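Student: no sequence on this one, just coordinates:
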């Protein structure tokens, strides 16, 4: 008898406070932590004041997929950032917002964002935590006010409870909404493509992949620098000689930034068509064609591209084979990141 | 035997204690408190004027220095980084001293800061707007919550001043919208305001000190960079003009009184 009581007491003393979390635990998130993949540099975002927890991640994921963030309650972050295409949106040259309004830029892929200092094609957003505010308030994206979002969140007991559990606050606020969404976004890490396995000596490249890799290193890697496959700089890559979209100049007001956009990552590039800041090119072949023979001259054209990048038919074929090794199906199928 | 029994009972009690105490609220770590006798508090009360008269929104028509008539629909600005001086030297910087003045949200315009070192002071320095560091620091709250509408989301950064209304000319009324913001060179818009150095106030441990600061809107059209409604009615980007107008705004402030 006494032994039974003691065992019960031992159990209570060990688990008494965690009964809730034991019951709710989602096994796929039990080991949740941010890990720096082998060969990656230190991330720019270090989760300071936003340490990774299952509850914060889950809140961020729920917000990411919730159309409540839009004025019409119809558009979520996930509408334009879909996991199967590495959180971009295929077949949509530019984003589609509320009331079928069209944006001016292509939805970029979302992963490895913890290594980015600035966000958006023009780098206008300077911190991952304030990134979610931009699409929410953009009149052709979600077109909601921050006040409206917070009121809707606080009208939901479920959300209030989740904010309490995640951040120990009694109601939702822009700060903790932003922290939760940015925690989810920063946790999206893609580093398990065939290329990564090749680099880690876990898999070998075929002769063609290897040839493509050599061509890539010679002709593409300056701007699309591994391991992120972007050097995070802003460049004019010769798409235009007059600029309806001024790009980086809109942010810096600097004439020398006219027509410059952030170099996109090439990870998962085969999944994330169409290409360029306005989604004007549908296929990788068109992209190769552009760099080979389509460069338009202008005062801010990147010096590297003055004469284009000569690519033979063989170069293009092998490059495409190499770029396919950057597809990370572990990431696009990772249940932790999915809506359902 | 008896000893064993005591041991078991003791074990029993320890477990019971663990079971009960284990469930106490977490996060009970004590907040380090400065002994009351060493610090006091200070309140800043901000008030907007036009040509010395109290600002009234929507209803009242005012004149700017060029005799242009206007009425105001929105007037809001930030001051930050408040420093207390003694004999022209900075002796204390109030941590996280960000104040949003917004005529339409009176609860913001009177802000109290605690933990101010006791003593006598002779001057005050602060910044018009929000400095560059805070603009790179991610999500804010309170006065810095973007929900207050003083934030650009597409080009990260605080709007240091919003001044909106109607310019009333004999023929027609024209909406004006002036948003001054930006923290990047060369068109940044925060400014260290010339310190007020001839003050005399003390922070005691039993009474609160309140500093009343006036912001004279007509300085916007002021003497550093002349500005008129006819010249420009919309400013919503960091630009050469917005940077020059920020110089004007840095001259808006005057200590009205200290109580």
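Tutor: Okay, I see it. Here the structure is a predicted model, which is why all the values come from computation and not from measurement. Numbers count the residues shown, from 1 in each chain, chains lettered A, B, ... in the order given.

Student: Now tell me what touches stretch A:35-53 from outside.
Tutor: A:32-34, A:56, A:112-117, A:128-129, A:166, A:179, A:182-183, A:186-187, A:189, A:191, A:196, A:199-200, A:227-228 (C-beta atoms under 8 Å, 6 or more residues apart in numbering or on different chains). For the C-beta atoms, the positions are set from N, CA and C on the backbone; glycine is no exception.

Student: Mind checking which of those are buried?
Tutor: Buried members of these, counted by 16 or more other C-beta atoms under 10 Å in any protein chain shown: A:32, A:34, A:56, A:112-116, A:128-129, A:166, A:179, A:182-183, A:186-187, A:189, A:191, A:196, A:199, A:227-228.

Student: from these, which ones fall inside helices?
Tutor: Within the buried ones among the contacts of stretch A:35-53, residues falling in helices by DSSP state H are A:56, A:166, A:179, A:182-183, A:186, A:196, A:199.

Student: Among those, name the ones that also lie close to chain B.
Tutor: By C-beta under 8 Å from any C-beta of the partner chain, the members of these lying near chain B are A:179, A:182.

Student: Widest-spaced pair of the ones in helices among the buried ones among the contacts of stretch A:35-53?
Tutor: A:166 and A:199 (35.4 Å; C-beta to C-beta).

Student: Based on its surroundings, how many neighbours for residue 69?
Tutor: Using chain A here. 26 (other C-beta atoms under 10 Å in any protein chain shown).

Student: other chain: chain B
Tutor: 15.

Student: what sits opposite the nearest residue to it once chain neighbours are set aside in the beta ladder?
Tutor: Computed as C-beta to C-beta, 6 or more residues apart in numbering or on different chains, the closest residue to residue B:69 that is not its neighbour in sequence is residue B:168, at 4.2 Å. Residue B:168 forms beta bridges with residue B:69, residue B:173, as assigned by DSSP bridges.

Student: residue nearest the centroid of chain B?
Tutor: Nearest residue to the geometric centre of chain B (C-alpha atoms, centre = their mean): residue B:99, 1.3 Å.

Student: That one: what's it in contact with?
Tutor: B:44, B:46, B:78-80, B:82, B:108, B:111, B:143.

Student: Max pairwise distance over the residues you listed: which two?
Tutor: Greatest spatial distance among these (C-beta to C-beta): B:82 and B:108, at 15.2 Å.

Student: Would you point out the helix or strand in chain A whose mean pLDDT is lowest?
Tutor: helix A:19-24 (a mean of 38; mean pLDDT, DSSP states H and E).

Student: isn't residue B:186 right up against residue B:243?
Tutor: Yes. Between residue B:186 and residue B:243 there is a contact under C-beta atoms under 8 Å: 7.0 Å.

Student: In which helix or strand does residue B:210 reside?
Tutor: According to DSSP states H and E, residue B:210 maps onto strand B:209-216.

Student: List the neighbours of that strand that are in contact with it.
Tutor: By C-beta under 8 Å, 6+ apart, the list of residues contacting strand B:209-216 from outside reads B:40-52, B:77, B:79, B:101, B:124, B:201-203, B:252-259.

Student: Give me the sheet partners of that strand and which way each runs.
Tutor: strand B:39-50 (parallel), strand B:253-258 (antiparallel).

Student: Now do the same for it: mean pLDDT, whole number.
Tutor: Taken as a whole, strand B:209-216 has an average pLDDT of 97.

Student: can you check stretch A:54-72 too?
Tutor: For stretch A:54-72, the mean confidence score works out to 97.

Student: mind checking how far that stretch is from the chain centre?
Tutor: 15 Å (C-alpha atoms, centre = their mean, to the nearest Å).

Student: Check stretch B:236-251 too.
Tutor: Computed by C-alpha atoms, centre = their mean, the chain-centroid distance of stretch B:236-251 equals 18 Å.

Student: cool, and stretch A:88-101?
Tutor: For stretch A:88-101, the distance to the chain centre is 16 Å (C-alpha atoms, centre = their mean).

Student: Same question for it: list its buried residues.
Tutor: Within stretch A:88-101, the residues that qualify as buried by neighbour count (16+ other C-beta under 10 Å) are A:88-89, A:92-98.

Student: Distance across that stretch, terminal residue to terminal residue?
Tutor: 18 Å (C-alpha to C-alpha, to the nearest Å).

Student: do that stretch and chain B meet?
Tutor: No. Taking C-beta under 8 Å from any C-beta as the criterion, stretch A:88-101 and chain B are apart, separated by no less than 13.5 Å.

Student: Provide a list of residues in contact with the closest residue to chain B within the stretch 201-340 of chain A.
Tutor: Proximity of the stretch 201-340 of chain A to chain B (C-beta to the nearest C-beta) peaks at residue A:251, 5.3 Å away. The contact partners of residue A:251, taken as C-beta under 8 Å, 6+ apart, are A:122-124, A:257, B:155.

Student: picking up where we left off before, include neighbour count, pLDDT and distance to residue A:145 when you put the contacts of residue B:99 into a markdown table, please.
Tutor: Below are the contacts of residue B:99 laid out as a markdown table (neighbours: other C-beta atoms under 10 Å in any protein chain shown; pLDDT from 0 to 100; distance: C-beta to C-beta, whole Å):
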| residue | neighbour count | pLDDT | distance to residue A:145 |
| --- | --- | --- | --- |
| B:44 | 22 | 97 | 28 |
| B:46 | 22 | 97 | 25 |
| B:78 | 26 | 97 | 20 |
| B:79 | 26 | 97 | 25 |
| B:80 | 22 | 97 | 24 |
| B:82 | 22 | 97 | 30 |
| B:108 | 17 | 86 | 18 |
| B:111 | 20 | 95 | 25 |
| B:143 | 21 | 94 | 18 |
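
Student: Tell me the one of these nearest chain A?
Tutor: Using C-beta to the nearest C-beta, the contacts of residue B:99 come closest to chain A at residue B:143, 12.3 Å.

Student: returning to what we had before: can you tell me which two in the contacts of residue A:251 are farthest apart?
Tutor: A:257 and B:155 (12.7 Å).

Student: still on that earlier bit, which one of the ones in helices among the buried ones among the contacts of stretch A:35-53 is nearest to residue B:232?
Tutor: The nearest one, if we look at those relative to residue B:232 and count by C-beta to C-beta, is residue A:182, at 36.9 Å.

Student: quick one: the closest one and residue A:119 touch, right?
Tutor: No. Look at residue A:182 against residue A:119 with C-beta under 8 Å: they stay out of range, at 10.1 Å.

Student: buried set for stretch B:185-198?
Tutor: B:187-191, B:193, B:196.

Student: Point out where the stretch 1-150 of chain A drops to low pLDDT.
Tutor: Applying pLDDT under 70 to the stretch 1-150 of chain A flags residues A:1-27.
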